[in-house]
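[1] give the three-dimensional model of this entry:
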Amino acid sequence: MIAQLRVDDRLIHGQVALVWTKELDTQGIVVANDNAAKDAMVQMTLKMATPTGKKLLIRSVQDSIAVFNNPKAANMRIFALTNCVEDALEIAKHVSNIEGINVANVGRFANGQGKVTQLTSTLMLNDEEMVALKQLSELDIPVFTQVVPSNARTSIASLLAEK
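    Numbers count the residues shown, from 1 in each chain. Next comes the predicted model:
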């Protein structure tokens, strides 16, 4: 079971490694990212950032979906990470056991990708991402933004309604 699917353009970093893994009390982390799955340097960096004692899997989005749907994963608490809204949507469409989707940090490193809509200080989305976010918010899964656990959760649907 996915305890949380987090969209974060940095994937594993301090907030994820030190705060969220403890807060969610998960057994492992799955990075669902096509680029990371085929780039040895990115894999090495992600492994170094993984907290001691946590298992890490780095898979393509499609391979991650297979992992999440494997009956062996049904009783595990998994913290899933992806770096874009479109990948989170793809996962959410094909995996039924997700407790919540946290769209936390997206778009701050995007350069020259056209018009950008800023929903919060950490959510800056291009048109394609906005379409995916709207579709994600319409699924029967809690979709919210929460940078760290001490922040209040804000519903993505409420942010979209304001725009």
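
[2] where does pLDDT dip in the chain?
    Applying pLDDT under 70 to the chain flags residues 108-113.

[3] how about the helices in it?
    Ranges of helices in the chain, per DSSP state H, are 14, 21-24, 34-38, 40-49, 61-69, 85-94, 127-137, 156-162.

[4] for the ones you listed, which one sits closest to residue 78?
    Relative to residue 78, the nearest member of those by Cβ to Cβ is helix 61-69, separated by 7.1 Å. In short, each C-beta sits where N, CA and C put it, glycine included.

[5] right, so the helices of the chain: which one is the most enclosed?
    helix 85-94 (a mean of 21; mean count of other Cβ atoms under 10 Å).

[6] between the helices of the chain, which one is closest to residue 4.
    helix 21-24 (5.6 Å).

[7] now do that closest one: distance to the chain's middle.
    Going by Cα atoms, centre = their mean, to the nearest Å, the spacing between the C-alpha centre of helix 21-24 and its chain's C-alpha centre is 14 Å.

[8] what does it rub up against?
    Helix 21-24 is contacted from outside by 3-4, 29, 51, 54, 77, 79, 149, using Cβ atoms under 8 Å, 6 or more residues apart in numbering.

[9] distance between the ends of stretch 46-62?
    For stretch 46-62, the first-to-last residue distance is 19 Å (Cα to Cα, to the nearest Å).

[10] just stretch 68-76 next, same as before
    10 Å.

[11] mind listing what's buried in that stretch?
    68, 73, 76 (16 or more other Cβ atoms under 10 Å).
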